[in-house]
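>>> Based on what follows, work out the 3D shape:
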Amino acid sequence: MSARKNLDISAYLVIGPENTLGRPVAPIIDAAVEAGYTCVQIRSKEASARELIALTGQAAAVIEKHGRSGHTALLVDDRLDVVLAAKKQGIGVDGIHVGQKDIPVGVCREYLGEDAIVGLSARTEDLFEYIETTDVRMIDYFGAGPLHETHTKPDCGLAPDGKIITRNFDDIEKLARLSPIPVVIGGGVKLEDIPALAKTGVGGFFVVSAITEADDPKIASAALLKAWRENLHEAN
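Sure thing, here's the model as predicted:
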């Protein structure tokens, strides 16, 4: 079953070992997948390639355990080498997410093939023009934000002049309207943001610390997803 054909970015967890307050990564992924999260991204600027491959394997095992293979997409941030090595080892990784300064999407698509998911962080400056004019034939969704400044990725929304650009709900609604592909919004997203975010028309939300640093990741995961679904229904 192709995860790309079934791609659903509505509830998207981004996680790495530096985000979990010293706790193991796999049980937190388990909590999110059990709650119904549709995407999991392994992201770490500190972990080695071998550690990232191992984490990807653990995440794939969690997704398989819950019968979510092909439905909960498993992605790796930036590291095409990790995705390729994981695939070589038979790990069920579905694709990659890259930023503007990471490996080009065309290279990712060439190496990973047509069934892989390729996500791209939208450009911070000239965002609306970029969303409207970029060639999206090789990518499946845009990641955009931040909604708020965030300690998990301090350079999120960093403009060339060194300032952090955050996005309000009017901006996000405009993004959703202009983008030819789905948009997932993150960057400091908390439970109280979800009702308004769900009504903007974007494809989903992504979170890190709202789950990874929660006292009970299972409760936090479920609460975020419940708020999204309830307000999405109301919006439609």
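>>> And the strands in this structure?
11-15, 39-42, 73-77, 95-98, 117-121, 141-144, 183-185, 204-207 (DSSP state E).
>>> Kindly reformat those as CSV containing distance to residue 105, mean pLDDT and mean neighbour count.
In short, each C-beta sits where N, CA and C put it, glycine included. Listed next are the strands of the chain as CSV, based on distance: least, Cβ to Cβ, whole Å; pLDDT from 0 to 100; neighbours: other Cβ atoms under 10 Å:
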stretch, distance to residue 105, mean pLDDT, mean neighbour count
strand 11-15, 18, 98, 26
strand 39-42, 16, 98, 27
strand 73-77, 13, 98, 26
strand 95-98, 6, 98, 26
strand 117-121, 5, 97, 23
strand 141-144, 11, 96, 26
strand 183-185, 16, 97, 24
strand 204-207, 18, 98, 25
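>>> Any stretches of the chain with poor pLDDT?
In the predicted model, the chain carries pLDDT under 70 at residues 1, 150-164, 233-236.
>>> hey, which helix is longest across it?
Of all the elements of type helix in the chain, the one with the most residues (DSSP state H) is helix 217-235.
>>> so that helix versus strand 11-15, what angle?
Taking axes from the mean of the first three to the mean of the last three Cα atoms, to 10 degrees, helix 217-235 and strand 11-15 form an angle of 150 degrees between their directions.
>>> Buried residues of helix 217-235, list them for me.
Within helix 217-235, the residues that qualify as buried are 217-218, 220-225, 227-228, 231-232, counting by 16 or more other Cβ atoms under 10 Å.
>>> Check stretch 190-200 too.
Neighbour counts using 16+ other Cβ under 10 Å place 193-194, 197-200 of stretch 190-200 among the buried residues.
>>> now stretch 130-139
So stretch 130-139, judged by 16+ other Cβ under 10 Å, has buried residues 130-131, 134, 139.
>>> Contacts made by that stretch with the rest, please.
105-106, 108-109, 118-120, 122-123, 142, 144, 175, 178-181, 183 (Cβ atoms under 8 Å, 6 or more residues apart in numbering).
>>> residues touching residue 65, list them.
If you count contacts by Cβ under 8 Å, 6+ apart, residue 65 has them with residue 30.
>>> Any chance of the buried residues of stretch 130-139 in TSV with distance to residue 20 as columns?
Putting the buried residues of stretch 130-139 into TSV (distance: Cβ to Cβ, whole Å) gives the following:
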residue	distance to residue 20
130	33
131	32
134	34
139	29
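>>> out of those residues, who's nearest residue 3?
Nearest to residue 3 among those, counting by Cβ to Cβ, is residue 139 at 14.8 Å.
>>> right, and residue 176 touches residue 201 too?
Yes: with contact defined as Cβ atoms under 8 Å, residue 176 counts as touching residue 201 (3.7 Å).
>>> how about the helices of the protein, start to end?
Per DSSP H, the chain carries helices over the ranges 25-35, 49-65, 80-88, 105-112, 127-133, 169-178, 194-198, 209-212, 217-235.
>>> Make TSV from those and add distance to residue 3 to it.
Listed next are the helices of the chain as TSV, based on distance: least, Cβ to Cβ, whole Å:
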stretch	distance to residue 3
helix 25-35	13
helix 49-65	10
helix 80-88	13
helix 105-112	12
helix 127-133	24
helix 169-178	23
helix 194-198	23
helix 209-212	21
helix 217-235	19
